[in-house]
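Asks: pasted the sequence and its predicted model underneath.
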Amino acid sequence: MRAGDRLCDEVREGGSLITVKARGRRSGIGRLARREERSAYLFLLPWLGGLLAFWIVPILWSIALSGSDWDIISSPHWVGLANFKEMLFDDRHFWLAIRVTLKYMLLSVPLYMVVGLLLSLLLNLKIRGMNVFRTILFIPSVLSGVAVAVLWVALLNPDVGALNEVLRAIGIHNPPRWLASPTWAVPSVVLIGLWGVGGGAIIWLAGLQNIGAQLYEAALLDGAGPWERFRYVTFPMLTPTLLFVLLTSLIDAFQVFDTAFIVSGAQGAVGDSLRFYLLNVWYEGFQNGRLGYASAESWVLVLAAAFVILLIFKTSGRWVYYEYDPERER
Amino acid sequence: MRTVEAAPTVGAPRRVVPRHSKWRVRPRRLLFRVSMYLVLLALSAFILLPAGWMLNAALKPDLEPVFTPNPQWWPTHFWHWENFGRVLTGTGVNEPFPFLRYTINTTVIVVGNILGILISCSLVGFAFARLRFRGSKVLFYVLIVTMLIPWQALMVPQFLMFFKFGWYGSYLPLIVPSFGGLAFFIFLIRQYMRTIPRDLDDAARVDGLNTWQIFWRIILPLSTPVLTVCAVFTFLWNWNNLLGPLLYLDNQDKFTVAIGLASLVHRSDTPWNLMMAANLLSIVPPIVVYFFAQKKLIGGIASVGLKG
């Protein structure tokens, strides 16, 4: 028995020695392995081609563009860091776009996360007819930003929209002018997003359903009430989901486009109060034709997003609890 | 606070309460259930009422303002179902906006993308899941990184590249990139294919099948669930995509539903009833797909969440 094991070990070691040597000579990994490798690269070919054409080349190109004043029509000039200097010191719209995006982010991210979590707790109840409610509440998450925005532009119309009619009917004589008011425009977009919060609840729900029932049993035996069970069982077990939702909702908030585009061009909206960052980039690049400048602006967006993502990942070790940690297991 | 109480009921053991009480109506529990139903009904109304209002607005005649001082929540005179026909053919607006045309255009783009995604992502996912090759680790890291880079960084240079190719104004920039695969789908497919037992491959090799035949005859047919999820997501994302068509399409005949709708909204003389009819038509395909693929779709979204 033991001898057999040792023999096996020796063969294994010997085998690996052979492969190590063979790698050096590059010829002897074996005919089969070589053939497998060749076919693997053939299978990878579409992705490798796409990676080169649609990622690597554009990335290099866009770094070069960020330092130029190209507008497609005339030939590009190298302007160095002038684009970034203009952004920082000389571009009202750039700072406006940052303010609008930050305001939206601070309002929407915490709100959507709390509401999404509460909604998922509700949808996790074991009561009859729950499938119907889930189906209804998830509908908005498959609709396009355009369709949702078009619908809400009509509902939020300040003079004759349905929402203000209801508000007047219940005695509020001076309801907000919603999308047409500089103060209420961003909160209105947050409200529109709230309509589709069911999509976020799906992810929370999946997290909830992954929590083992035995944890609740143990908590009950220890005499934990509903709040303690949430505070000491549900919530810690949901922190990985929390991390994921936090990251994706921040990234989404950086990239608001559809709603802002529809609303800012629709009847009865005020132009600049919804100049979200990405919309601003689009205006600069594709309306004003300043592609070099737009490219520089989109790099600022990418760097800001990367900074926030890294910051969250760095701190996540302190507040995210993983029940099963494959690294620690070994 | 009520909702907080909800979670533990999932697997709360029965033995904590005396057995017979299961069949007795306990006032506190009943009150809780009733209030939960009320909250759920209110939330459903919050979703459904705007949609119902949209249908109501779409069925009104042109001249009657949709917005009356006392809003009518239901059409009182006639239901103008022909509004949908007018939107589809594009009659009744100063400039024609044929939504039937837009629907066909969008379908072309969607089908092209689904083909591209399914072909490329299944090939690449197969290689990452089941083939051994040097550099597989490095390439997999590259794949993950491309999943994290926001594509906005590439919006301008990609536009310029396709412009130089002479693809501006055609569907090529909207379809061709899908044949290069999408990191997220490659990742999903790889995860799925890794769960298929290896013995199948070995048995097939003994029977003399080569790698391509193993992929085509054995692994691919077993992967239809994950491929369906990818196809459904590709459909939804492309059907709903606004920015892509907005960058590349300049000719009204080639518009998709999303930009058709956007430009309809951005004109000052569009009657509200037609705008709402067009909007309703635009959401029918995603909703139909949602109802058929609901389980898979929600499972797909949920599995994405678990990666966190």
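Replies: Sure thing, it's come through.
Asks: report the rounded mean pLDDT for the helix or strand hosting B:Ile283.
Replies: Using DSSP states H and E, B:Ile283 maps to helix B:272-306. Helix B:272-306 shows a mean pLDDT of 80.
Asks: after the host helix or strand of A:Gly49, next one along is what?
Replies: Taking DSSP H and E as the definition, one finds A:Gly49 inside helix A:31-51. Next helix or strand after helix A:31-51 toward the C-terminus (DSSP H and E): helix A:57-66.
Asks: next, see if that next one gets close to chain B.
Replies: Yes: against chain B, helix A:57-66 shows contacts by Cβ under 8 Å from any Cβ of the partner chain at A:57-59, A:61-62, A:65. Heads up, the C-betas are built off the backbone N, CA and C, glycines and all.
Asks: ok, the closest residue to chain A within the stretch 151-300 of chain B - how many residues close by?
Replies: Going by Cβ to the nearest Cβ, chain A is nearest to B:Gly180 of the stretch 151-300 of chain B, at 1.7 Å. B:Gly180 has 22 neighbouring residues, counting by other Cβ atoms under 10 Å in any protein chain shown.
Asks: cool, A:Tyr41 as well?
Replies: 15.
Asks: which residues does it contact?
Replies: Contacts for A:Tyr41 (Cβ atoms under 8 Å, 6 or more residues apart in numbering or on different chains) come out as A:48, B:127, B:133.
Asks: show me the contacts for the residue nearest to the spatial centre of chain B.
Replies: The residue lying closest to the centre of chain B (Cα atoms, centre = their mean) is B:Leu236, at 2.7 Å. Counting by Cβ under 8 Å, 6+ apart, B:Leu236 touches A:142, B:286, B:289.
Asks: over to A:Phe54?
Replies: Applying Cβ under 8 Å, 6+ apart to A:Phe54 gives the contacts B:154, B:158, B:177, B:180.
Asks: in helices only, show me these.
Replies: B:154, B:158 (DSSP state H).
Asks: name the member of the contacts of A:Phe54 with the most neighbours.
Replies: In the contacts of A:Phe54, the most neighbours by other Cβ under 10 Å go to B:Gln158, 24 neighbours.
Asks: state the pLDDT value of that residue.
Replies: 91.
Asks: spatially nearest residue to it, not counting backbone neighbours?
Replies: Using Cβ to Cβ, 6 or more residues apart in numbering or on different chains and skipping the chain neighbours, the partner closest in space to B:Gln158 is A:Pro58 (5.0 Å).
Asks: B:Gly116 now?
Replies: The shortest distance from B:Gly116 to any non-neighbouring residue, by Cβ to Cβ, 6+ apart, is to B:Ser178 (3.2 Å).
Asks: ok now do the one you found, which residues does it touch?
Replies: B:Ser178 touches B:112-113, B:115-117, B:120, B:234, counting by Cβ under 8 Å, 6+ apart.
Asks: how near is the residue nearest to B:Gln158 to B:Leu154?
Replies: When distance is defined by Cβ to Cβ, to the nearest Å, A:Pro58 is 5 Å away from B:Leu154.
Asks: ok, now A:Ile203?
Replies: Distance of A:Ile203 to B:Leu154, computed by Cβ to Cβ: 27 Å.
Asks: just A:Val256 next, same as before
Replies: For A:Val256 relative to B:Leu154 (Cβ to Cβ), the value is 18 Å.
Asks: can you name the next helix or strand after the lowest-mean-pLDDT helix or strand in chain B?
Replies: Least confident helix or strand of chain B, by mean pLDDT, DSSP states H and E, is helix B:2-6 with a mean of 39. Using DSSP H and E, the helix or strand that follows helix B:2-6 in sequence is helix B:27-58.
Asks: what's the average pLDDT for that next one?
Replies: Average pLDDT, helix B:27-58: 88.
Asks: now swap in stretch B:175-185 and tell me
Replies: 93.
Asks: before we move on, what about stretch A:222-237?
Replies: The average pLDDT within stretch A:222-237 is 91.
Asks: derive a ChimeraX selection command for the buried subset of the contacts of A:Tyr41.
Replies: Per 16 or more other Cβ atoms under 10 Å in any protein chain shown, the buried members of the contacts of A:Tyr41 correspond to this ChimeraX selection:
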select /B:127,133
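Asks: tell me the one of the contacts of A:Tyr41 nearest B:Arg86?
Replies: The closest of the contacts of A:Tyr41 to B:Arg86 turns out to be A:Leu48 (Cβ to Cβ; 49.1 Å).
Asks: quick check: phi and psi on A:Ser68?
Replies: Dihedral pair for A:Ser68: phi -130, psi 170, per degrees, to the nearest 10.
Asks: for it, give me the pLDDT.
Replies: Looking at A:Ser68, its pLDDT reads 88.
Asks: these two touch, right, B:Leu274 and B:Asn83?
Replies: Yes: the pair formed by B:Leu274 and B:Asn83 meets the contact definition of Cβ atoms under 8 Å, at 6.2 Å.
Asks: shared neighbours of the two, which are they?
Replies: With contacts taken as Cβ under 8 Å, 6+ apart, the residues that reach both B:Leu274 and B:Asn83 are B:Ala58.
Asks: from the chain's centroid, how far away is the helix holding A:Gly49?
Replies: Distance, stretch centre to chain centre, for helix A:31-51: 31 Å (Cα atoms, centre = their mean, to the nearest Å).
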